[in-house]
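Visitor: Predicted model and sequence below, questions to follow.
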Amino acid sequence: MIDTGGVAHPPHPLVAVYADESCLGNGRDGDNPGGAGALVEYQPPASGELVRRDIWLSEPGTTNNRMALRSAIETLRALSGKGVRFRVVFTSDSRYLVDGMSDWVHGWARRGWTRKGGAIENLALWMECVEAARAHDVNWRWVRGHRGHPQNEYANHLATRAAAEQTHSGGLVPSAFDAWWEGWLAKARVPIPVAPFPLEADFRPGIRLPPIPPGRP
């Protein structure tokens with residue numbers, strides 16, 4: 001145990017990320033354009049006022065699984081650009097991403113980044129995602145998509161728009177969530193509350209991620 005001299009160090013700042021992915025024509029022959037988007041929420045201790053930021057990106061020929069991984073890679077890298085280690089509650093409706101980062105990558109790493117069933121799909125992206133996530137303490141959470149979860153629906157809006165328009169935000173930008181949410185509520189049959197900011201006491205980081213070997217693909 002490290003002796004801190006009785007001084008309690010403040011925990012890393014807490015942020016919430018809601019991410020989604022899109023691929024138009026996923027699984028069809030040919031190039032299928034895709035996008036990924038994420039809503040980032042942060043509550044500065046000094047003001048307590050919720051701050052929201054958006055990030056989105058696109059690829060001209062991709063898959064849903066690739067874009068799910070890129071949603072995490074680019075968002076976590078953008079957070080690293082702040083020069084701070086964050087505690088991140090990362091919510092996605094992609095089982096591929098959440099199960100992979102919570103479970104699969106640990107087994108692959110123990111087997112030298114191989115799996116019993118053959119080659120690992122998107123291995124280079126998995127390694128990028130692990131590397132990006134190792135810069136923070138991440139709690140991976142799954143939410144069922146297209147069920148009216150406000151922040152997930154907004155992330156889906158960012159992802160599908162990016163896929164259709166092939167645009168990139170160029171990093172974290174001020175969010176348009178509030179205006180979008182007002183429009184969404186006007187069309188909804190039943191008002192749905194926005195998911196609250198995560199409680200500090202509820203944060204549980206995932207298992208420490210394995211290091212990435214040199215000479216990765």
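Guide: Yep, it's here.
Visitor: Contact partners for the residue nearest to residue 27 when sequence neighbours are not counted?
Guide: Spatially, and ignoring its direct neighbours in sequence, residue 27 is nearest to residue 63 (7.6 Å; CB to CB, 6 or more residues apart in numbering). To be clear about C-beta, it is placed using only N, CA and C from the backbone, and glycine gets the same treatment. By CB atoms under 8 Å, 6 or more residues apart in numbering, residue 63 lies in contact with 23, 26, 27, 32, 34.
Visitor: Any of these buried? List them.
Guide: 23, 26, 32, 34 (16 or more other CB atoms under 10 Å).
Visitor: Just flag the most distant two among the contacts of residue 63.
Guide: Distance extremes for the contacts of residue 63: the farthest pair is 27 and 34 at 11.6 Å, using CB to CB.
Visitor: Pull out the buried residues from stretch 50-57.
Guide: Buried residues in stretch 50-57, counted by 16+ other CB under 10 Å: 52, 53, 54, 55, 56, 57.
Visitor: if we can go back for a sec, okay, the contacts of residue 63 in a markdown table with secondary structure, distance to residue 122 and pLDDT next?
Guide: A markdown table is the format used below for the contacts of residue 63 (DSSP: H, G, I helix; E, B strand; the rest coil; distance: CB to CB, whole Å; pLDDT from 0 to 100):
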| residue | secondary structure | distance to residue 122 | pLDDT |
| --- | --- | --- | --- |
| 23 | strand | 13 | 94 |
| 26 | coil | 14 | 76 |
| 27 | coil | 15 | 71 |
| 32 | coil | 15 | 93 |
| 34 | strand | 13 | 97 |
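Visitor: who touches the helix or strand hosting residue 152?
Guide: Secondary structure from DSSP states H and E places residue 152 in helix 150-165. For helix 150-165, the surrounding residues in contact (CB under 8 Å, 6+ apart) are 16, 18-24, 33-39, 41, 54-58, 67, 71, 91, 93, 143, 145-146, 167-168, 177, 180-181, 184, 192-195.
Visitor: The spatially closest residue to residue 203 that is not a sequence neighbour and residue 171, how far apart?
Guide: Leaving aside its sequence neighbours, residue 203 sits nearest to residue 87 (CB to CB, 6+ apart; 5.4 Å). Per CB to CB, to the nearest Å, residue 87 is found 21 Å from residue 171.
Visitor: got it, and residue 118?
Guide: 36 Å.
Visitor: now the residue nearest the centre of the chain, what's its secondary structure?
Guide: Computing the C-alpha centroid of the chain and ranking residues by CA atoms, centre = their mean puts residue 72 first, at 3.7 Å. Three-state assignment for residue 72 (DSSP: H, G, I helix; E, B strand; the rest coil): helix.
Visitor: So it is in contact with residue 97, correct?
Guide: Yes: Residue 72 is within contact range of residue 97, at 6.0 Å (criterion: CB atoms under 8 Å).
Visitor: Overlap in contacts, the two.
Guide: Counting by CB under 8 Å, 6+ apart, the residues touching both residue 72 and residue 97 are 19, 129.
Visitor: ok, back up a step: the more surrounded of residue 118 and residue 171?
Guide: For residue 118 versus residue 171, the count of surrounding residues by other CB atoms under 10 Å is larger for residue 171: 13 against 7.
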